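S.K.: Build me a model from this:
(chains A and B)
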Amino acid sequence: MDRQRVEHTVRSVLTVVLKEPLNGADVTRQNTASWDSLKHIEIMFALEDELETQFLEEELAALDSVKKIVDAVLSKHAA
Amino acid sequence: MNVSGYEAQTVLFAARPSRLALQQLELEGDRSRVVTVNVWRNHAIESVVTATIPYMARVGCIADFRLSDYDDTLMFTGHRQADLELVWVDSGRYLTSTPFADWARWLAGRVAALRGVSSAPVIIATWLADAAQEAELMARLGTVPGVFLADLQAACNEATTTLIDSRTAALAGTPLGNAAQLVVARKLACHWIPAAIWPPIKVVAVDLDNTLHSGVLGEDGLGGVSLTPAHQALQRFLKAQRERGVFLALVSRNEASDVQALFTVREDYPLRWEDFSATEVSWGDKAESLSRIAKALRVAPDSMLFVDDNPGELASVVSRLPQVHTVYAGSDPAETQRAIEYYPGLWRWKIERDDAKRIEDLKANAEREQLLAETVNPSEYFHNLHVSIALRVNPSDLLGRLSDLCGKTNQFNLALRRLNQAELAARLGHADDCVVSMQLTDRLSDSGVIGVVVGHREGERLIIEELCVSCRAMGRHLEDALILPAICRMPCSAGCREVVFQVAHGSRNQPALDWLARIADLNGRPAPGVCAVDADRLRQFPHPQGITYVQD
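M.R.: Got it, this is the predicted structure:
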């Protein structure tokens, strides 16, 4: 699974769940007002479905940007 | 992109729904129906609520979930009236420190307190360790009317999904895992909420070719049409619905003789010809066929679900009979089965004994009609049939059935109050109120409890708040014999001078209005509002002879 494909999936999931287009390349919870705690769990659930992966409990809370999510998914697939 | 309900079926009724696919669905069509749901909770429900939206939208509905703060004590603070009360509790938060019996007693007490401020149906959604705990909790809750227990663990077991995901619990605010949430959302939107507040689907009318089997009978022949394992499962599912009191009807464009031969020759078909309470096999219009089926089965079009593999046929039926519900039979029979199984109104909380009698009772009607045609004297007709009517005053054990009657009856329903179980129960304890059930039996079948009348005394007047007679008792010339004695036997009717009927005009309650017009000797149907009749006129109204009354 390559970075481009993972990032595309992550951004698609965020767009659908947040119901708005994403601004810029570096999308984080800090710079995206609609990415609140309720949306965050839905994003994590949807990502687990779409990427056929399972995040650890500590990752679920810590993965708060597109970049961190992509990195975490790639490292899981590499492992 | 907006999609039709038929196109959305693949996503909605996938064996394992996808959260993202559900969120992407934008269903076209009207959403004029709003259901308000008070949610009393001690754990999060938000990500379940999100997943219910497309299921509700598919049937033109929006659910307005009003979420309480997290409250383990269930104080119901800030209660407002709603269509439904949902008690959404994580049982684990109590049972780590409290014995189950104590918690069940406490929960039943809180639900009784909720019932004190709300007459809406109450669904308790939680999970229990085993069937024994469920039975114990149900026994406790059984003392509170109109309460249903939704066991999330059982729903997940049925879907072979794990309920709890401790990994996500802290972040999600609920121990329910992702897959479990989607299973529960579908159950909530398609089974639990509709079964608590909406009238049921009474008829499933199915097409034959490429619906009950693969292939076209007229082209492939009796042996050429293919019954795959999934088609077999679909047929078995439909047959099971019949055993639950749902009528099956067959609507097919074919030669009638070919179709009858198919069900005779193909012994591998779980469904048999006689399983269909009505059949319409012709080259005619399917909307007209469905209208004839509704008439034959004495049901309204809005209690029918029509299943066909041809979207054009479905669209044509909807344009002619917009009240008829429809499901598209796509290429995957398992998906079609789930689309039917999850159609709101088909699943019920409880199958009453009287529901299962409906099909045999209708069969007996043909014989009754023949007997009536051959008999000149109505008393002789009743006598020949051994008609027996049992009237019961304030029957506390029948409240489920009586509230079903209030909710389901459309044609002979005078006030259309739709009193629910809690509202009926509230009337049992007062001397000025009375609920009378009507049960009908003859030598051909036991029709069960087919009517209810609810009265309230105000001074010298008896107000009839609700009067319903099931369509299965109609056409048997028994309305007077059922209703007038039921009113006269109300303890609170003794000595009253006037009986005041509450009257509402619905789209299909003309039979009730016509009955009252005759009883009250009106010129035309009574206007909406109230219609007063001299009590002595009702007491002296001539009753048909030849009927046996069974005392309570």
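S.K.: so what's the residue nearest the centre of chain B up against?
M.R.: With distances taken as CA atoms, centre = their mean, B:Pro200 lies nearest the centre of chain B, 2.5 Å away. B:Pro200 makes contact with B:303, B:345-346, B:348, B:408, according to CB atoms under 8 Å, 6 or more residues apart in numbering or on different chains. Placement of C-beta: from N, CA and C, glycine included.
S.K.: Can you tell me, leaving aside adjacent residues, what's nearest to whatever residue of the stretch 51-200 of chain B ends up closest to chain A?
M.R.: Chain A sits closest to B:Asn178 of the stretch 51-200 of chain B, with a gap of 4.0 Å, by CB to the nearest CB. Excluding the flanking residues, the one nearest B:Asn178 by CB to CB, 6 or more residues apart in numbering or on different chains is A:Phe45, at 4.0 Å.
S.K.: Equivalent analysis for B:Leu297, please.
M.R.: B:Phe247 (5.2 Å).
S.K.: so how many other residues sit close to the one you found?
M.R.: B:Phe247 has 25 neighbouring residues, counting by other CB atoms under 10 Å in any protein chain shown.
S.K.: Residue numbers of chain A in contact with chain B?
M.R.: A:12-13, A:16-17, A:37-38, A:40-42, A:44-46, A:48-50, A:54-57, A:60-61 (CB under 8 Å from any CB of the partner chain).
S.K.: Kindly recompute the last result at 6 Å.
M.R.: A:13, A:16, A:38, A:41-42, A:45-46, A:49-50, A:57, A:60-61 (CB under 6 Å from any CB of the partner chain).
S.K.: and the residues you listed as a markdown table, adding secondary structure, neighbour count and pLDDT?
M.R.: Shown next, in a markdown table, are the residues of chain A next to chain B (DSSP: H, G, I helix; E, B strand; the rest coil; neighbours: other CB atoms under 10 Å in any protein chain shown; pLDDT from 0 to 100):
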| residue | secondary structure | neighbour count | pLDDT |
| --- | --- | --- | --- |
| A:Val13 | helix | 24 | 95 |
| A:Val16 | helix | 18 | 94 |
| A:Leu38 | helix | 16 | 89 |
| A:Ile41 | helix | 23 | 93 |
| A:Glu42 | helix | 23 | 93 |
| A:Phe45 | helix | 27 | 94 |
| A:Ala46 | helix | 26 | 95 |
| A:Asp49 | helix | 19 | 92 |
| A:Glu50 | helix | 18 | 92 |
| A:Glu57 | helix | 14 | 92 |
| A:Leu60 | helix | 19 | 93 |
| A:Ala61 | helix | 15 | 90 |
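S.K.: Kindly tell me how buried B:Ser445 is, as a neighbour count.
M.R.: Around B:Ser445 there are 20 residues (other CB under 10 Å).
S.K.: Pretty sure it sits against B:Asp361.
M.R.: Yes - contact status for B:Ser445 versus B:Asp361: in contact at 4.7 Å, counting by CB atoms under 6 Å.
S.K.: What's the local residue count around the residue lying closest to B:Pro199 once chain neighbours are set aside?
M.R.: Nearest non-adjacent residue to B:Pro199, counting by CB to CB, 6+ apart: B:Lys408, 5.3 Å away. By other CB under 10 Å, 19 other residues sit near B:Lys408.
S.K.: now B:Lys408: how far from chain A?
M.R.: 37 Å (CB to the nearest CB, to the nearest Å).
S.K.: B:His383 too?
M.R.: As defined by CB to the nearest CB, B:His383 lies at a distance of 67 Å from chain A.
S.K.: My guess is that residue contacts B:Gly546. True?
M.R.: Yes - under the criterion of CB under 6 Å, B:His383 makes contact with B:Gly546 at 3.7 Å.
S.K.: what residues does chain B put near chain A?
M.R.: So chain B meets chain A at B:18-20, B:23-24, B:46-47, B:167, B:171-172, B:178 (CB under 6 Å from any CB).
S.K.: Need the max-distance pair from the residues you listed.
M.R.: Across the residues of chain B next to chain A, the longest distance by CB to CB is 25.4 Å; it joins B:Gln24 and B:Arg167.
S.K.: distance of the residue nearest to B:Asn178 from B:Val259?
M.R.: 47 Å (CB to CB, to the nearest Å).
S.K.: And the longest helix along chain B, what does it pack against?
M.R.: Identified as the longest helix of chain B according to DSSP state H is helix B:353-374. Applying 3 or more CB pairs under 6 Å, 6 or more residues apart in numbering or on different chains; DSSP states H and E, we find helix B:353-374 packed against strand B:446-458.
S.K.: Check which element follows the strand it packs on along the chain.
M.R.: Proceeding N to C from strand B:446-458, the next assigned helix or strand is strand B:461-469, under DSSP states H and E.
S.K.: the inter-axis angle of that next one versus strand B:446-458?
M.R.: 160 degrees (axes from the mean of the first three to the mean of the last three CA atoms, to 10 degrees).
S.K.: And the contacts of the helix or strand immediately after strand B:461-469 in the chain?
M.R.: Counting by DSSP H and E, the next helix or strand C-terminal to strand B:461-469 is helix B:479-488. By CB atoms under 6 Å, 6 or more residues apart in numbering or on different chains, the surrounding residues in contact with helix B:479-488 are B:391, B:436, B:438, B:451, B:453, B:493, B:515, B:538-539, B:541, B:543-544, B:547.
S.K.: Same check on stretch B:120-131?
M.R.: B:82-89, B:91, B:134, B:146-150, B:152-153, B:192, B:196.
S.K.: Just the buried positions in that stretch, please.
M.R.: B:120-128 (16 or more other CB atoms under 10 Å in any protein chain shown).
S.K.: For the closest residue to B:Ala356 other than its chain neighbours, which residues are in contact?
M.R.: Using CB to CB, 6+ apart and skipping the chain neighbours, the partner closest in space to B:Ala356 is B:Gly245 (4.6 Å). Applying CB under 6 Å, 6+ apart to B:Gly245 gives the contacts B:355-356, B:358.
S.K.: okay if I get those as JSON lines plus neighbour count and pLDDT?
M.R.: Listed next are the contacts of B:Gly245 as JSON lines, based on neighbours: other CB atoms under 10 Å in any protein chain shown; pLDDT from 0 to 100:
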{"residue": "B:Asp355", "neighbour count": "19", "pLDDT": "77"}
{"residue": "B:Ala356", "neighbour count": "16", "pLDDT": "74"}
{"residue": "B:Arg358", "neighbour count": "24", "pLDDT": "82"}
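S.K.: Can you tell me which of these lies closest to chain A?
M.R.: B:Asp355 (38.3 Å).
S.K.: and the nearest residue in space to that closest one that is not next to it in sequence, helix, strand or coil?
M.R.: Excluding its sequence neighbours, the residue lying closest to B:Asp355 (CB to CB, 6+ apart) is B:Gly245, at 3.5 Å. With DSSP: H, G, I helix; E, B strand; the rest coil as the basis, B:Gly245 sits in coil.
S.K.: Repeat that for B:Leu149.
M.R.: Classified using three-state DSSP, B:Leu149 is strand.
S.K.: ok, it - how many residues close by?
M.R.: Quick note: B:Leu149 (other CB under 10 Å) scores 19 neighbours.
S.K.: Assign the closest residue in space to it that isn't next to it in sequence to helix, strand or coil.
M.R.: Leaving aside its sequence neighbours, B:Leu149 sits nearest to B:Ile124 (CB to CB, 6+ apart; 5.2 Å). When classified by three-state DSSP, B:Ile124 comes out as strand.
S.K.: Mind pulling up the pLDDT for B:Ile124?
M.R.: Note on B:Ile124: pLDDT of 97.
S.K.: picking up where we left off before, can you lay out the residues of chain B next to chain A as a markdown table showing secondary structure, neighbour count and distance to B:Val387?
M.R.: Formatted as a markdown table, these follow (DSSP: H, G, I helix; E, B strand; the rest coil; neighbours: other CB atoms under 10 Å in any protein chain shown; distance: CB to CB, whole Å):
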| residue | secondary structure | neighbour count | distance to B:Val387 |
| --- | --- | --- | --- |
| B:Ser18 | coil | 14 | 56 |
| B:Arg19 | helix | 26 | 57 |
| B:Leu20 | helix | 20 | 60 |
| B:Gln23 | helix | 19 | 57 |
| B:Gln24 | helix | 17 | 58 |
| B:Glu46 | helix | 18 | 56 |
| B:Ser47 | helix | 24 | 56 |
| B:Arg167 | helix | 17 | 64 |
| B:Leu171 | helix | 18 | 65 |
| B:Ala172 | helix | 26 | 60 |
| B:Asn178 | helix | 23 | 58 |
